[in-house]
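Asker: Fold the following.
(2 chains)
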Amino acid sequence: MTDERPPEIPGELPEDVDRLLGAIQYEMAGEFPVEQGYIWTSCASVENGNPLFWDDEVAADITAGPIAPPSTLSVWFRPHHWAPGRSEQALPLQVHFDLKARFDLPEAVMSDNTIIFHEPVRPGDRLRTHQVLRSVSAPKTTKLGTGRFWVIDVEYFNQHDELVGIESYTGFGYKRAAAAANPVAIEEATR
Amino acid sequence: MSAPATSSRTLTEVSVGQHLPDLSYDVSATTIVLGALAARDWRPMHHDHDFAVNRNGTQDIFMNTPNQAAWFERYLTDWSGPTGRLGRMTFRMLGSVFPGDTMVLTGTIDSVATDDAGCGWATVDVTLAVEGDTKTTCRARIALPVSPADNPWSRRGPAWTP
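Answerer: Residues are numbered from 1 along each chain as shown, chains lettered A, B, ... in the order given. Modelled structure (predicted):
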C-alpha cells in the first residue's frame, strides 16, 4: 500500500489535519427521542432520588416540566445493539479513531473528559450532535510512549437548535514505550 | 450514606473547605451491568466476565465512564437539593471499579462565587476511591440559588454561563 501523504514538517501540523481544526464532522441524529423510561432506569442504576426526575409537581415548579439527568447527555446517541438492515456506524468519537489512524498511533487513552451543560434535555426531545477537532499537539513523549495529544468537542443540540451540552475529550494517541505499563482497565473512549 | 435532599441548599450556606457527606456504596456485578445498560453501553467488558478477564486482561468487569458520571451527579445533587444545577464536570480516570469494591465518594468545596449575571456557583472536588485508592476524580461546577427565591434552572442564554 502506498502512502501518498506529503512528508511531515517538524513543528508543523500536517495540512490535512490542520484543515480539520474547527471543522464540523460526523453530524448525527439520535436514533430515538429522549424517553422517560430510560431516565428512570438511569436514576435507578445509581439510586438517584432527586425529585426532579420522580415528582411531576417538583419538576413543574423548578424546571418547568420533566427533564433528563444532565449526566445522561450522551445516552441518547448510543445506537441500539441491533437494528434491522443496519450497516456499520460511525463511532461516537470517530475523530479520535481517525487521528489514531492518520498518525499511525495504535494505542490511545482519554486523559480528561469535561461535560458542559446548557439547555436541559427533556423527554420527547430529538437531539443531534457533531464532532469538532479543537487541537492537536506536536509529538510528545510520556511514560506511556510517544504520540500526540488532541482535544475533541462533541456538541449536542435539541430540535430547536438550542445547545444542550458539550463533551470535551482530551486524548493521547501513542506508540507504546518498550517498558510502559498497560493501562488496560481505563476506557479509551466514552461510548 | 447520604440521602437525596428535597430542600434546596443556597449559596450562603456554602463555604470554601466545607466537606460534603461521604457516600459509601458496595458495588456488585449487578451495579456494573445495570449501570452500563442504563447508559446504553453494550460493550462486553461491562457485562461479560470472561471477556473482561481473558480479552481485556482486567480482574473483572468494570464500571463504565457514563455510569460513573451518573454516580457523581447523584452525589452532588443529594447534597444540593433539586435546585442545584450542574454547569460542568471534568473527570480524570485513574483506575477501575470492580464488583466487590466498596466505593466511597467524598467532596470538598474549592471555591464559591457569583458570576456577572448573578448566578451563584460552587466548585466541588469529588473523589471516587476504593480502599483509599483514588479511582476517578471529578471537578464539578454547580449552580446554587443565591437566595431562597432564586432558581438557577430559570437561567437561559447569557444568564447561564456554565
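Asker: where in chain A is pLDDT low?
Answerer: For chain A, the stretches with pLDDT under 70 are A:1-11, A:89-91, A:178-191.
Asker: So which residues of it form helices?
Answerer: A:15-18, A:36-45, A:56-63, A:94-102 (DSSP state H).
Asker: would CSV of these with distance to residue B:112 and mean neighbour count be doable?
Answerer: Backbone N, C-alpha and C define where each C-beta goes, glycine included. Output for the helices of chain A, formatted as CSV (distance: least, Cβ to Cβ, whole Å; neighbours: other Cβ atoms under 10 Å in any protein chain shown):
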stretch, distance to residue B:112, mean neighbour count
helix A:15-18, 41, 13
helix A:36-45, 28, 18
helix A:56-63, 22, 15
helix A:94-102, 35, 19
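Asker: Compare those and give me the one nearest residue B:38.
Answerer: Nearest to residue B:38 among those is helix A:36-45 (3.9 Å), distances taken as Cβ to Cβ.
Asker: now for the closest one, which elements pack on it?
Answerer: helix B:29-38, helix B:65-80 (3 or more Cβ pairs under 8 Å, 6 or more residues apart in numbering or on different chains; DSSP states H and E).
Asker: what residues are up against residue 71?
Answerer: Let's take chain A. Contacts for residue A:71 (Cβ atoms under 8 Å, 6 or more residues apart in numbering or on different chains) come out as A:42, A:115, B:66, B:69-70, B:72-73, B:86, B:89.
Asker: look at chain B instead
Answerer: A:46, B:25, B:103, B:105, B:128.
Asker: Among these, which one lies nearest to residue A:76?
Answerer: For these, the nearest to residue A:76 is residue A:46 (17.5 Å; Cβ to Cβ).
Asker: Could you give the number of residues near the closest one?
Answerer: 23 (other Cβ atoms under 10 Å in any protein chain shown).
Asker: Pick out the residue nearest the middle of chain B.
Answerer: Nearest to the mean C-alpha position of chain B, by Cα atoms, centre = their mean, lies residue B:72 at 1.0 Å.
Asker: hang on, that residue packs against residue B:126?
Answerer: Yes - assessed by Cβ atoms under 8 Å, residue B:72 is found in contact with residue B:126 at 5.8 Å.
Asker: Determine the number of other residues adjacent to the spatially closest residue to residue B:133 that is not a sequence neighbour.
Answerer: Spatial nearest neighbour of residue B:133, excluding adjacent residues (Cβ to Cβ, 6 or more residues apart in numbering or on different chains): residue B:95 at 6.6 Å. The tally of other residues near residue B:95 (other Cβ under 10 Å) stands at 16.
Asker: mind putting the helices and strands packed on helix A:36-45 in a markdown table, mean pLDDT included?
Answerer: What follows is these, written out as a markdown table (pLDDT from 0 to 100):
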| stretch | mean pLDDT |
| --- | --- |
| helix B:29-38 | 97 |
| helix B:65-80 | 96 |
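Asker: most packed of these?
Answerer: Of all these, helix B:65-80 has the most neighbours on average by mean count of other Cβ atoms under 10 Å in any protein chain shown, namely a mean of 25.
Asker: Not counting the helix-or-strand element of chain B with minimal mean pLDDT itself, show me its contacts.
Answerer: When the helices and strands of chain B are scored by mean pLDDT, DSSP states H and E, helix B:49-54 comes last with a mean of 93. Residues outside helix B:49-54 that contact it (Cβ under 8 Å, 6+ apart) are B:29, B:44-46, B:58-62.
Asker: Relative to residue A:164, which of the residues you listed is nearest.
Answerer: residue B:46 (25.5 Å).
Asker: my guess is that closest one meets residue B:38, correct?
Answerer: No - with contact defined as Cβ under 8 Å, residue B:46 does not reach residue B:38; the gap is 10.9 Å.
Asker: rewinding a little: what's the separation between the residue nearest to the centre of chain B and chain A?
Answerer: To chain A, residue B:72 is 7 Å away according to Cβ to the nearest Cβ, to the nearest Å.
Asker: now swap in residue B:135 and tell me
Answerer: Relative to chain A, and taking Cβ to the nearest Cβ, residue B:135 is found at 10 Å.
Asker: My understanding was that residue B:74 contacts residue A:47; is that so?
Answerer: Yes - Residue B:74 is within contact range of residue A:47, at 6.9 Å (criterion: Cβ under 8 Å).
Asker: Tell me the bridge partners for residue A:135.
Answerer: With DSSP bridges as the criterion, the beta-bridge partners of residue A:135 are residue A:151.
Asker: And it, how close does it get to residue A:171?
Answerer: Using Cβ to Cβ, to the nearest Å, residue A:135 is found at 11 Å from residue A:171.
Asker: what do these two both touch?
Answerer: Joint contacts of residue A:135 and residue A:171 (Cβ under 8 Å, 6+ apart) are A:149-151.
Asker: Dump the residues you listed into a markdown table; add neighbour count as well.
Answerer: Shown next, in a markdown table, are these (neighbours: other Cβ atoms under 10 Å in any protein chain shown):
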| residue | neighbour count |
| --- | --- |
| A:149 | 18 |
| A:150 | 23 |
| A:151 | 17 |
